[in-house]
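In: Below is the sequence, then the predicted model.
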Amino acid sequence: MTGTNDPTNDEMLVETDVSDGLSAAESSVTDDADIVIESEDINVWYGDDHALTDISMEIPENSVTAMIGPSGCGKSTFLRCINRMNDLIDVARVEGNLTLRGKNVYDDDVDPVALRRRVGMVFQKPNPFPKSIYDNVVYGLKIQGIDGDYDQIVEESLKRAALWDEVKDRLHESGLDLSGGQQQRLCIARAIATDPEVLLMDEPASALDPVATSQIEDLVEELAEDYTVVIVTHNMQQAARISDKTAVFLTGGELVEFDDTQKIFENPESQRVEDYITGKFG
Ligand SMILES: Nc1ncnc2c1ncn2[C@@H]1O[C@H](COP(=O)(O)OP(=O)(O)OP(=O)(O)O)[C@@H](O)[C@H]1O
């Protein structure tokens, strides 16, 4: 994070897609039931450090999938595999298959910028740009050269982000003048304005107070009606409250268990997961 509200390089790369869309191959949709993302033996190294080992999971459509686990176990690294943000880290190397609707996002013919248009991202710290609320929402559309009725898209995106009623009379005021929770909902509106299929959220409520956190949690559940949401959280209660599936990563970059959230929290297969969930370690 830069410490200012200017977009960081990574954030700009996510936001500033200048391509027209996907290659024909990438657009092809397989009939993979309702699995949107499938990870098959994903391994990630940072230099010589093996950060993720043989991660395999299937993420279903229109659901919330939570990634939990102790600090440094690779949750954010896995999230960044989905939209190839790890490409932006010089020392990072990814091996394995990760498919979005049946197409491996690591194939040579996949344009990472076009991929990031389908897979939006919301970061831990709310990062509205130093622009008006309106201009924040349309930022990605303008940069990507997407035409449309911007007034309508702004209204719809802000409504979907549960922010419209609070800002409809001040759309041309700075996004930086909003509260932290409102800023995060503005960032969510910005991420959905370009109509992605998947929303990645890296601890989106961890910088917020309890009221704002609860609003974001409600919103995440609502968003899953239209989007496939993958969320990293340190907060186990939050994962239990809002997710349909939970992936438990443990030290060493290992995915120890992936299952329905209720099963993970009530009757996990793994003793290590049970110990983690009951607070015996981590
Ligand atoms: N840019 C990077 N360069 C080198 N090593 C990195 C980089 N990013 C992450 N790592 C290392 O990869 C491992 C996994 O980190 P990651 O941030 O994915 O874990 P995490 O589970 O999301 O942690 P946290 O909960 O603390 O955010 C850690 O050992 C971390 O130090």
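Out: Looks like it arrived, so ask away.
In: and the chain, which residues reach the ligand?
Out: By CB under 6 Å from any ligand atom, the residues of the chain that approach the ligand are 46, 51, 69, 71-77, 89, 91, 234. C-betas here are computed from N, CA, C, even on glycine.
In: Throw those into JSON lines and include pLDDT, neighbour count and secondary structure, thanks.
Out: Below are those laid out as JSON lines (pLDDT from 0 to 100; neighbours: other CB atoms under 10 Å; DSSP: H, G, I helix; E, B strand; the rest coil):
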{"residue": "46", "pLDDT": "97", "neighbour count": "15", "secondary structure": "strand"}
{"residue": "51", "pLDDT": "97", "neighbour count": "21", "secondary structure": "strand"}
{"residue": "69", "pLDDT": "95", "neighbour count": "25", "secondary structure": "coil"}
{"residue": "71", "pLDDT": "92", "neighbour count": "8", "secondary structure": "coil"}
{"residue": "72", "pLDDT": "93", "neighbour count": "13", "secondary structure": "coil"}
{"residue": "73", "pLDDT": "95", "neighbour count": "24", "secondary structure": "coil"}
{"residue": "74", "pLDDT": "96", "neighbour count": "25", "secondary structure": "coil"}
{"residue": "75", "pLDDT": "96", "neighbour count": "26", "secondary structure": "helix"}
{"residue": "76", "pLDDT": "96", "neighbour count": "18", "secondary structure": "helix"}
{"residue": "77", "pLDDT": "97", "neighbour count": "24", "secondary structure": "helix"}
{"residue": "89", "pLDDT": "95", "neighbour count": "14", "secondary structure": "coil"}
{"residue": "91", "pLDDT": "97", "neighbour count": "10", "secondary structure": "coil"}
{"residue": "234", "pLDDT": "90", "neighbour count": "16", "secondary structure": "coil"}
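In: farthest-separated two in these?
Out: 91 and 234 (24.7 Å; CB to CB).
In: Contact partners for the residue nearest to residue 217 when sequence neighbours are not counted?
Out: What sits nearest to residue 217 in space, not counting adjacent residues and going by CB to CB, 6 or more residues apart in numbering, is residue 242, at 5.1 Å. For residue 242, the contact set (CB atoms under 8 Å, 6 or more residues apart in numbering) comprises 64, 66, 217, 220-221, 231.
In: what pLDDT does residue 242 get?
Out: Listed pLDDT for residue 242 reads 96.
In: before we move on, back to that, filter the contacts of residue 242 down to the buried ones and hand me the PyMOL line.
Out: A single PyMOL command selects the buried members of these (16 or more other CB atoms under 10 Å):
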select buried, resi 64+66+217+220+231
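In: For the residues of the chain next to the ligand, please prepare CSV with the additional fields distance to residue 36.
Out: Listed next are the residues of the chain next to the ligand as CSV, based on distance: CB to CB, whole Å:
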residue, distance to residue 36
46, 27
51, 24
69, 22
71, 28
72, 27
73, 23
74, 21
75, 19
76, 20
77, 20
89, 24
91, 29
234, 24
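In: Which one of the residues you listed is nearest to residue 271?
Out: Comparing those against residue 271 with CB to CB places residue 69 closest, at 15.3 Å.
In: ok so, going back, any idea how far residue 66 is from the residue nearest to residue 217?
Out: Distance, residue 242 to residue 66, by CB to CB, to the nearest Å: 7 Å.
In: residues of the helix or strand where residue 185 lies that come out buried?
Out: Take DSSP states H and E as the rule and residue 185 turns out to sit in helix 180-193. By neighbour count on 16+ other CB under 10 Å, the buried set for helix 180-193 is 181-193.
In: Overlap in contacts, residue 242 and residue 66.
Out: Residues touching both residue 242 and residue 66 (CB under 8 Å, 6+ apart): residue 231.
In: re earlier: angle of the helix or strand that comes right after the helix holding residue 185 against helix 180-193?
Out: For helix 180-193, the following helix or strand on the C-terminal side (DSSP H and E) is strand 198-202. With axes from the mean of the first three to the mean of the last three CA atoms, to 10 degrees defining the directions, strand 198-202 sits at 150 degrees from helix 180-193.
In: model confidence over strand 198-202, on average?
Out: The average pLDDT within strand 198-202 is 97.
In: Which neighbouring elements make contact with it?
Out: On a contact count with 3 or more CB pairs under 8 Å, 6 or more residues apart in numbering; DSSP states H and E, strand 198-202 meets helix 75-82, strand 119-122, helix 180-193, strand 228-232.
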